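# mind folding the following:
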Amino acid sequence: MSTDYRALCLELFGTDDVEKLQEIARKVNERNPRKAGRKRRFSDSDIHEMERLRDAGMPLEKIAENYGTSRQMVSRWLTEQPPEGCTMRMIYMYRQHPCTVIDVDFLKRKIYIQNKTKDLLHRAFGIVENPTWADFEYFLEDRCFPRMRGNCKSILKQLGLNDYDPLQIVEKTQGRMAEDDLWLKIRYLNREEQERAAS
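Purely as a prediction, here's the structure:
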């Protein structure tokens with residue numbers, strides 16, 4: 001008895017259109033619900049398209065859904081690993097959108113940036129592509145309340161700080177200011193991330 005494959009496809013997939021069946025097969029092959037085994041790699045064109053979608057304002061969750069992967073995996077592919085010697089990563093955010101990734105090497109007093117938006121007003125250093133340590137210090141202080149503010153000591157005390165140290169202040173406040181929706185996501189890199197950068 002011969003099998004009617006067209007009828008079988010209609011029964012199983014609701015279509016016998018070849019292109020639609022190929023699309024269903026592609027999605028099934030991409031899906032990995034337990035995130036088990038090797039992580040899926042993306043082509044350069046995939047990465048460029050992800051960047052374009054992100055820059056157009058599409059949330060990472062939606063991009064991940066389109067590519068059959070996780071938000072964390074998309075974020076990892078769109079953000080380069082920190083350079084060797086960096087122990088802190090700051091992400092300058094506009095609401096929930098990453099604008100500039102800042103990797104900090106305190107020993108060499110050097111920073112490395114990755115701009116994630118074309119909007120210069122939302123970039124941490126505007127048009128500057130290779131900011132200096134002085135630029136970084138200025139940026140941090142710009143995300144703090146003024147050093148000469150009348151109740152400066154009182155605010156420092158509320159934050160649990162003894163001195164006006166812009167880095168410590170933004171660690172406590174996330175660099176949030178009343179007049180905008182920009183803020184800093186800050187984390188110290190763990191040993192594994194530092195070793196990966198050095199390899």
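
# who does the strand ranked longest in the chain pair up with?
In the chain, taking DSSP state E as the definition, the longest strand is strand 97-105. As defined by DSSP bridges, the strand partners of strand 97-105 come to strand 88-94 (antiparallel), strand 110-115 (antiparallel).

# residues in contact with stretch 134-146?
With Cβ atoms under 8 Å, 6 or more residues apart in numbering as the test, stretch 134-146 has contacts from 102, 104, 111, 124-125, 128, 131, 147, 152, 155, 164, 166-167, 169-170, 173, 175-177, 182, 184. The way it works is simple: take the backbone N, C-alpha and C, and place the C-beta from them, glycine included.

# for this protein, which spans come out with low pLDDT?
1-3, 8-9, 28-41, 44, 191-199 (pLDDT under 70).

# if we use 80, what do you get?
Across the chain, residues meeting the criterion (pLDDT under 80) sit at 1-14, 16, 20-45, 47-48, 51, 55-57, 75-80, 190-199.

# now do the domain split for it, please.
1-30, 35-78, 88-198 (automatic domain parsing).

# circling back to that earlier point, hmm, who's touching the longest strand of the chain?
Residues contacting strand 97-105 (Cβ under 8 Å, 6+ apart): 54, 57, 79-80, 82-83, 85-93, 111-117, 119, 122-125, 136, 182, 185.

# now do that strand: distance to the chain's middle.
In terms of Cα atoms, centre = their mean, to the nearest Å, the centre of strand 97-105 is set 8 Å apart from its chain centre.
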